[in-house]
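[1] need a structure here:
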Amino acid sequence: MAVIDSKAGVTPPQTVPAPPRPGKLPGLAMAAAGVALAWAVHLLVPAVPMLTAAVVLGIAAAHLPWIRTRVRGAGRPGLTLAGKRLMRTGVVLLGLKLSLDDVLGLGWATVVMVFAVVAATFFGTLWLGRRLGLRGDQPLLIATGYSICGASAIGAVSEVSGSDEEDVATSVALVTLCGTLAIAVLPLLHHPLGLADAQFGRWVGASVHDVGQVVATAQTAGPDALTDAVLVKLMRVALLAPLVAAVALSVRQRRQAAPTGKRPAIIPLFVLGFLAMVAVRTTGVLPGGALDVAQHAQELLLAAALFGLGSAVHLPSLVRTGGRVAALGLCSWVVVAGVSYAGVLLTT
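    This is a model prediction of the structure:
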């Protein structure tokens with residue numbers, strides 16, 4: 001009710017100040033705790049990569065009764081920051097794993113095979129995802145994760161596509177699940193498919209999503225298989241930069257008709273950082289100790305980012321589209337495994 005004042009007349013109703021927005025520190029602390037738990041899980045069960053454990057723990061935190069209200073409330077700003085900013089930094093440091101000399105050492109036949117695998121998986125998954133009617137950017141993000149390097153690629157592409165956080169989280173969950181299953185399934189197919197150890201390593205490197213999952217899968221066939229798997233995998237990682245640039249250009253062109261809309265840079269800053277790190281690694285100026293420190297930092301940053309992304313997964317929403325998402329994941333897995341298997345047989 002308005003208050004009558006003899007001097008000022010009718011005064012407006014008192015406005016209640018908005019409650020202060022939660023800061024980012026609680027969410028960042030949750031992400032740090034999630035990384036510590038993921039690291040502990042990896043130590044206890046070495047076959048489970050730390051990044052995989054981080055995603056699973058993030059999903060669990062978003063649904064456990066005694067913590068989910070904090071994850072979705074006070075922790076949300078910091079967890080969102082981890083899923084975006086820390087992901088960018090981790091992608092930049094990922095470039096230090098890749099040397100142009102290593103790529104050229106694979107031979108042109110293998111390089112062509114990797115290009116074919118990435119192209120077939122990306123465009124096939126994108127087409128099928130749209131035919132299945134998946135929401136938002138899910139077809140694009142799932143295609144990126146399966147064809148390049150799992151959750152890291154999804155995070156990088158989502159930065160330039162402006163994807164909804166729930167779409168990103170759902171795509172990360174699907175790709176992580178399939179990559180985790182590959183750790184158990186692919187070694188069982190090593191000998192029945194008639195693959196030598198080196199061939200098995202290249203097949204794993206060309207078909208498994210995350211670098212950690214590649215290592216966990218290929219090491220079952222010995223050191224030679226592991227070396228070839230990591231080299232082929234890093235060749236796929238190298239294609240992250242042109243893919244992100246292509247997505248950014250596509251988004252920029254779509255927004256030409258909306259001058260007020262923010263258009264992404266053709267080559268985002270973090271992608272330039274990734275390329276710069278590849279160049280630094282190629283020069284050989286960094287000692288082994290520095291590369292080891294950078295690798296640990298990259299794993300910790302990506303684990304924090306994936307915990308943040310996992311905490312945005314809402315399982316009830318995922319269940320509503322679960323059948324279509326699962327169908328896309330299975331089909332994409334068959335494509336990437338089948339094309340890479342044929343490529344390995346043709347190039348070795």
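
[2] so which strand or helix has residue 126?
    Per DSSP states H and E: residue 126 is located in helix 108-131.

[3] the very next helix or strand once past that helix vs helix 108-131, what angle?
    Later in the chain than helix 108-131, the nearest helix or strand by DSSP H and E is helix 138-147. With axes from the mean of the first three to the mean of the last three Cα atoms, to 10 degrees defining the directions, helix 138-147 sits at 160 degrees from helix 108-131.

[4] how far off centre is helix 138-147?
    Offset of helix 138-147 from its chain centre (Cα atoms, centre = their mean, to the nearest Å): 10 Å.

[5] from the contact counts, what lies against that helix?
    helix 108-131, helix 150-161, helix 165-189, helix 240-254, helix 322-347 (3 or more Cβ pairs under 8 Å, 6 or more residues apart in numbering; DSSP states H and E). C-beta here means a position set from N, CA and C on the backbone, and glycine is covered the same way.

[6] switch the cut-off to 7 Å
    Judged by 3 or more Cβ pairs under 7 Å, 6 or more residues apart in numbering; DSSP states H and E, the packing partners of helix 138-147 are helix 108-131, helix 150-161, helix 165-189, helix 322-347.

[7] residue 240 is nearest to which of those helices?
    Nearest to residue 240, of all the helices and strands packed on helix 138-147, is helix 150-161, at 5.6 Å by Cβ to Cβ.

[8] who touches that closest one?
    51, 55, 84, 87-88, 90-91, 94, 137, 140-141, 144-145, 168, 171-172, 175-176, 179, 209-210, 240, 244, 247-248, 251, 264, 268, 302, 305-306, 309 (Cβ atoms under 7 Å, 6 or more residues apart in numbering).

[9] could you turn the buried ones of the residues you listed into a PyMOL selection?
    Buried subset of these, written as a PyMOL selection, criterion 16 or more other Cβ atoms under 10 Å:
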select buried, resi 51+55+84+87+88+90+91+94+137+140+141+144+145+168+171+172+175+176+179+209+210+240+244+247+248+251+264+268+302+305+306+309
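
[10] nearest residue to the middle of this structure?
    residue 151 (1.5 Å; Cα atoms, centre = their mean).
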